[in-house]
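1. Just to be clear, the model below is a prediction. Sequence and coordinates:
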Amino acid sequence: MSAIRHAIAALMMALSALWLLPAMHPAAAASGDTGLTIGVVKNHSPDVMLRQMQTLADYLSAGLGDTRVSLRVMDLDEIDAASARHQLDFLLTSPSQYVQLKRRNGLSGALATLVAGEGGKPLSAIAGAIVVRADRNDIRTLADLATRRIAAAAPQSLGGYQAQLWALHDAGLPLPNAGQIEFAGLPQDRVVDLVLRGKADAGFVLGGIVEEMLRNGRLEPDALKFINAQALPDYPYTVSTYLYPQAPFVVLPHVSESLSRRVAALLLSMPAQPDGSGNHYAFTIPADYAGVEEIMRELRLPPFDTMPRFGLHDVWHQYQWEMLAASSAALVIATLVLLLLLRNREIRYMAQHDALTGLANRALFTDLVASTIAAARRDHGVLALLLIDLDHFKSINDTLGHAAGDVVLAQFASRLRSAIRESDTAARIGGDEFMVLLRNVHDAADALRVAEKIRAVSKQPLVTEPQTVTISVSIGVALYPEHGSGLEDLSRRADEAMYQMKTAGRDAVALYRPAPPQKPADAASAP
């Protein structure tokens with residue numbers, strides 16, 4: 001019984017292994033062999049690409065022994081689809097597609113980077129070129145490409161599209177919109193053909209395409225010119241962009257680690273192989289493709305064309321030092337602005353107020369009276385102007401000194417403010433002379449009551465060192481509109497009232513009263 005159970009268990013394990021084979025390697029299950037397939041991005045016709053890269057497949061097949069390696073030349077979209085269906089084991093593709101597949105399918109780092117030979121020189125970098133017809137004198141610089149029709153190979157092509165976009169972006173120029181771009185597909189000779197036939201104003205191609213077409217007789221000399229031409233040291237092609245790493249050789253996730261290591265070792269030790277066109281290619285250690293990813297991210301190219309979820313925590317984590325610096329700068333600026341506002345307010349206050357008493361000065365009082373009279377004229381209101389003079393103030397300065405006189409003026413101003421309403425305005429006009437504007441008075445009696453209140457508080461003793469002082473005031477009162485229509489009229493009438501009262505004795509309040517008209521007999525007897 002034990003032997004039977006062991007036999008059944010072994011049979012079940014064998015059946016399970018058969019079921020798992022397609023999942024482990026769909027391409028192998030479908031084809032019935034255990035070979036490896038390399039997907040190669042199509043830059044030329046499939047026949048040319050197979051002829052150029054067949055030596056790679058033969059070299060790897062020989063190095064791996066019992067494993068046959070085959071090539072499939074595909075465009076970028078076909079590589080996307082075949083990778084998703086696990087129909088490929090390795091890729092030799094464009095740097096930008098590698099970044100896209102790495103983000104989408106969780107690819108590991110590249111095993112190696114292609115080094116293409118040109119005229120005996122190994123090239124581990126590519127660049128993009130921008131070409132126009134030589135007779136297009138209206139297109140000379142990158143800025144002239146705005147609104148022009150542009151042909152390009154494919155949106156996933158680094159050297160045939162994305163590098164040129166970055167050159168425009170780096171120059172601070174707008175990127176072409178979808179309506180300006182026509183994607184001609186591969187091979188990139190199609191882009192040149194559209195430019196030559198006038199179907200496109202400019203073409204984005206991989207650096208070296210123009211030179212290859214010239215060598216093969218497919219392009220007339222001087223038919224094209226380069227925009228933003230860069231003469232890079234030790235680089236054999238005329239290009240328009242920065243240099244970027246060559247194509248990466250990438251392993252797909254389902255390939256075992258041991259097989260990946262064997263392939264990587266073979267690639268790095270591979271002698272230069274002929275590509276069928278008189279040049280050679282080899283592989284070197286993997287290049288850094290972070291710069292390519294940064295360009296794609298900045299230009300919001302797939303897979304970075306959708307906004308990620310980005311919360312406040314992410315903002316703080318990524319930009320905390322910038323935010324702290326910005327907050328500190330904002331705090332400093334806000335403090336300086338506040339200090340400036342306070343200083344301006346202080347300067348404005350000093351320009352409009354008396355330094356000794358803090359009351360409005362003549363200039364501010366004049367403006368306030370003018371605006372208040374305008375409002376009263378509109379609303380048919382009544383105003384009162386009080387002209388106040390401190391009696392015998394000169395004797396205080398003469399006997400106690402000007403410092404004591406200043407104390408008296410300041411204390412009187414304080415009592416003056418306490419005797420009037422907040423809506424009224426008191427001002428020091430000059431020396432020992434003050435004015436008060438009373439708003440919304442009912443009649444003359446209302447104004448005289450306020451004036452008497454001021455006269456009463458002025459009699460309270462004022463403290464000056466080393467003694468106290470008692471003063472009195474004389475107040476003249478004029479009403480708007482009865483006695484005048486402006487400050488000049490009202491102040492003159494109030495002054496006349498005060499003068500008449502002073503001739504009869506000080507320490508009193510007087511309302512302006514017009515002099516009665518003289519009788520004819522009185523006028524005749526007048527000298």
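-> Arrived safely, thanks for sending.
2. Neighbours of residue 452, how many?
-> 13 (other Cβ atoms under 10 Å). To be clear about C-beta, it is placed using only N, CA and C from the backbone, and glycine gets the same treatment.
3. and if you look at residue 456?
-> When neighbours are defined as other Cβ under 10 Å, residue 456 has 12 of them.
4. SS state for it?
-> Using DSSP: H, G, I helix; E, B strand; the rest coil, the structure places residue 456 in helix.
5. cool, residue 217 as well?
-> Strictly by three-state DSSP, residue 217 counts as coil.
6. so where's the chain uncertain?
-> By pLDDT under 70, the low-scoring segments of the chain are 1-34, 43-44, 118-120, 276-278, 307-311, 517-527.
7. how does it divide into domains?
-> 19-122+247-298, 125-245, 311-347, 353-511 (automatic domain parsing).
8. quick one, which of these is nearest to residue 305?
-> domain 19-122+247-298 (9.1 Å; Cβ to Cβ).
9. circling back: could you export the domains of the chain as JSON lines, including distance to residue 304?
-> Formatted as JSON lines, the domains of the chain follow (distance: least, Cβ to Cβ, whole Å):
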{"stretch": "domain 19-122+247-298", "distance to residue 304": "5"}
{"stretch": "domain 125-245", "distance to residue 304": "12"}
{"stretch": "domain 311-347", "distance to residue 304": "15"}
{"stretch": "domain 353-511", "distance to residue 304": "62"}
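10. tell me the secondary structure for the spatially most central residue of the chain?
-> Nearest residue to the geometric centre of the chain (Cα atoms, centre = their mean): residue 326, 12.5 Å. Secondary structure, three-state DSSP: residue 326 is helix.
11. mind listing the helices for the stretch 401-527 of the chain?
-> 402-419, 444-458, 487-504, 520-525 (DSSP state H, counting those that start in this stretch).
12. Next: the stretch 151-300 of the chain.
-> Going by DSSP H, counting those that start in this stretch, the stretch 151-300 of the chain shows helices at 163-170, 189-196, 209-215, 257-268, 290-298.
13. Now distance to residue 80 and mean neighbour count too, for these, in JSON lines please.
-> Shown next, in JSON lines, are those (distance: least, Cβ to Cβ, whole Å; neighbours: other Cβ atoms under 10 Å):
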{"stretch": "helix 163-170", "distance to residue 80": "20", "mean neighbour count": "22"}
{"stretch": "helix 189-196", "distance to residue 80": "20", "mean neighbour count": "21"}
{"stretch": "helix 209-215", "distance to residue 80": "23", "mean neighbour count": "18"}
{"stretch": "helix 257-268", "distance to residue 80": "21", "mean neighbour count": "16"}
{"stretch": "helix 290-298", "distance to residue 80": "15", "mean neighbour count": "17"}
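14. For residue 128, find the nearest of those.
-> Residue 128 sits nearest to helix 163-170 of all the helices of the stretch 151-300 of the chain, at 3.5 Å, using Cβ to Cβ.
15. Give me the contacts around the closest one.
-> Residues outside helix 163-170 that contact it (Cβ atoms under 8 Å, 6 or more residues apart in numbering): 127-128, 130, 142, 145, 152, 174-176, 204, 228, 240-242, 244, 295, 298-299.
16. If any of these are buried, put those into a PyMOL selection.
-> Restricted to buried positions by 16 or more other Cβ atoms under 10 Å, the PyMOL selection for the contacts of helix 163-170 reads:
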select buried, resi 127+128+130+142+145+152+176+204+228+240+241+242+244+295
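17. Tell me which entries of the contacts of helix 163-170 lie within strands.
-> 128, 130, 152, 204, 244 (DSSP state E).
18. Distance-wise, check the closest residue to residue 251 other than its chain neighbours relative to residue 56.
-> In space, and not counting its chain neighbours, residue 251 is closest to residue 260: 4.6 Å by Cβ to Cβ, 6 or more residues apart in numbering. Using Cβ to Cβ, to the nearest Å, residue 260 is found at 16 Å from residue 56.
19. likewise residue 341?
-> To residue 56, residue 341 is 74 Å away according to Cβ to Cβ.
20. quick one: which of those two has more around it?
-> Comparing residue 341 with residue 56 by other Cβ under 10 Å, the one with more neighbours is residue 56, at 24 against 10.
21. Pretty sure the more buried one sits against residue 274.
-> No: between residue 56 and residue 274 there is no contact under Cβ atoms under 8 Å: 10.7 Å.
22. mind checking the backbone torsions on residue 133?
-> phi -60, psi 140 (degrees, to the nearest 10).
23. What of the one 3 residues further on?
-> Backbone geometry at residue 136, expressed as degrees, to the nearest 10, gives phi -90, psi 80.
24. That one - how many residues pack around it?
-> 18.
25. How about residue 289: what's its closest non-neighbour residue?
-> residue 95 (5.5 Å).
26. so what's the backbone phi/psi at that neighbour?
-> According to degrees, to the nearest 10, residue 95 has phi -60, psi -40.
27. Identify the residues contacting it.
-> The contact partners of residue 95, by Cβ under 8 Å, 6+ apart, come to 126, 158, 244, 245, 246, 247, 248, 289, 292.
28. try 6 Å this time
-> 158, 245, 289, 292 (Cβ atoms under 6 Å, 6 or more residues apart in numbering).
29. Against residue 243, how distant is it?
-> Counting by Cβ to Cβ - residue 95 and residue 243 are separated by 11 Å.
30. Check residue 318 too.
-> 29 Å.
31. okay, those two: which has more neighbours?
-> residue 243 (19 against 11).
32. hang on, that one packs against residue 124?
-> No: the pair residue 243 and residue 124 does not pass the contact test of Cβ atoms under 6 Å, sitting 9.2 Å apart.
33. So the closest residue to residue 434 other than its chain neighbours: helix, strand or coil?
-> Leaving out its chain neighbours, the residue that sits closest to residue 434 by Cβ to Cβ, 6+ apart is residue 388, at 4.2 Å. Secondary structure, three-state DSSP: residue 388 is strand.
34. do residue 115 as well
-> Using three-state DSSP, the structure places residue 115 in strand.
35. For it, give me its contacts.
-> 122, 124, 282, 284.
36. Of these, keep whichever come out buried.
-> Among those, the ones that count as buried by 16+ other Cβ under 10 Å are 124, 282.
37. can you tell me which of the contacts of residue 115 lies nearest to residue 66?
-> residue 282 (24.9 Å).
38. Surely the closest one touches residue 272?
-> Yes: the criterion here is Cβ under 6 Å, and residue 282 meets it with residue 272 at 4.6 Å.
39. shared neighbours, these two?
-> When contacts are counted by Cβ under 6 Å, 6+ apart, residue 282 and residue 272 have no shared neighbour.
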